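Visitor: Sequence first, then the predicted structure:
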Amino acid sequence: MSVVTTDILDGVALVTLNRPQQMNALSADVRLGLVETFSALNENPDVRVAILTGAGERAFCAGLDLKELGAGGVHPQTIVADVNDPVSTLNRFTKPIIGAINGVAITGGFELALACDVLLASSTARFADTHGRVGIMPGWGLSQKLSRLVGIARAKELSLTGNFLDAATANAWGLVNRVVAPGELLAQARALAADMAQMPLEILVTYKKLIDDGFALPFGEAVALEKRVSGVYNAGVSAAEIEARRAGIQARGRSQ
């Protein structure tokens, strides 16, 4: 049985962490599977969007497999220092990733969720940063990403207690895009992915990079970046191409 499964349909790749009995914990095999899967999907021109979720109803991902580590496996520092860790691989993925958070996302699983571009959460989803309770420091970006998403005081509350954050509060704090009933999670994730997949692949890749690169800059520099990128990209778009897409945009607007 594969610990990471992939199903590709209509330009959308559904990637599932498949260790439900172990709460989809990030064993060495799962970490390697995620790296290999997302590296291959990044090079696949037929894939425009990826959805990442967990098997079962209890967990999206419970983080690193502490049982495996406690049995004398790889030291956490070695995992964090690996440039081919799963979170860094997701960060390098050039296409949109929708996280469908079906259950708990704990510590490394929380970091995996934060590597997604858009998060949809089941009403049963919960998030927790338990690095401090385990006695280690995060190394996949959580200490910096979380504060930028929910505010520094809220991030400190979560990380310095290890307490769980329920889906409704995560939505109110802006951590997730929306909360849906458990039975609707994948359907809504697929619908959102289908909307994204209608975009030309080059637009998806370029626009995602522009947003991410600009977010990492002071506002003035980010606006200047947008002007440079748009100047180069838009120069290659013809009036005929814009006209060809106009009718489709108008029809879609009337249907929504």
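Guide: Sure thing, it's come through. Residues are numbered from 1 along each chain as shown.

Visitor: Give me the secondary structure label for the residue nearest the centre of the chain.
Guide: In the chain, the centroid-proximal residue (CA atoms, centre = their mean) is Cys116; its distance is 1.1 Å. At Cys116 the chain is in coil, as set by DSSP: H, G, I helix; E, B strand; the rest coil.

Visitor: residue contacts, it?
Guide: Residues near Cys116 by CB atoms under 8 Å, 6 or more residues apart in numbering: Leu52, Leu90, Ile97, Ile98, Gly99. For every residue, glycine as well, the C-beta is placed using N, CA and C.

Visitor: Test my guess that Tyr225 contacts Asp212.
Guide: Not quite, residue 225 is Leu, not Tyr. No. If you go by CB atoms under 8 Å, Leu225 and Asp212 don't touch, sitting 10.8 Å apart.

Visitor: Now that Asp213 has come up, it's in contact with Leu225, right?
Guide: Yes. Shown here, Asp213 and Leu225 form a contact pair, counting by CB under 8 Å, at 6.2 Å.

Visitor: Where does pLDDT dip in the chain?
Guide: 68-83, 247-248, 250-256 (pLDDT under 70).

Visitor: Show me the helices in it, by range?
Guide: Assigned by DSSP state H, the chain shows helices spanning 28-43, 66-70, 76-81, 86-92, 108-114, 131-134, 142-150, 152-159, 167-172, 185-197, 201-215, 219-234, 239-255.

Visitor: who touches the first one?
Guide: Meaning helix 28-43. Applying CB under 8 Å, 6+ apart, the set of residues contacting helix 28-43 is 2-4, 6, 13, 15, 17, 19, 24, 26, 47, 50, 65, 68, 73-74, 79, 84-86, 89-90, 92-95.

Visitor: okay, the angle between it and helix 201-215?
Guide: Angle between the axes of helix 28-43 and helix 201-215 is 120 degrees (criterion: axes from the mean of the first three to the mean of the last three CA atoms, to 10 degrees).

Visitor: Just checking the distance from helix 28-43 to the centre of its chain.
Guide: Its chain's C-alpha centre and that of helix 28-43 lie 14 Å apart, by CA atoms, centre = their mean, to the nearest Å.

Visitor: Tell me the buried residues in that helix?
Guide: Neighbour-count burial for helix 28-43 flags Val30, Arg31, Gly33, Leu34, Val35, Thr37, Phe38, Leu41, Asn42 (criterion: 16 or more other CB atoms under 10 Å).

Visitor: next one: the shortest one
Guide: Judged by neighbour count using 16+ other CB under 10 Å, the buried positions of helix 131-134 are His131.

Visitor: on contacts alone, who are the packing partners of that helix?
Guide: Helices and strands in packing contact with helix 131-134 are not found; criterion 3 or more CB pairs under 8 Å, 6 or more residues apart in numbering; DSSP states H and E.

Visitor: show me what contacts the residue nearest to Glu57 when sequence neighbours are not counted?
Guide: Distances taken as CB to CB, 6 or more residues apart in numbering place Gly103 nearest to Glu57, at 6.1 Å, with adjacent residues excluded. Neighbour list for Gly103: Met23, Gly54, Gly56, Glu57, Arg58, Ala59, Phe60, Ser122, Thr124, Ala125, Arg126 [criterion: CB under 8 Å, 6+ apart].
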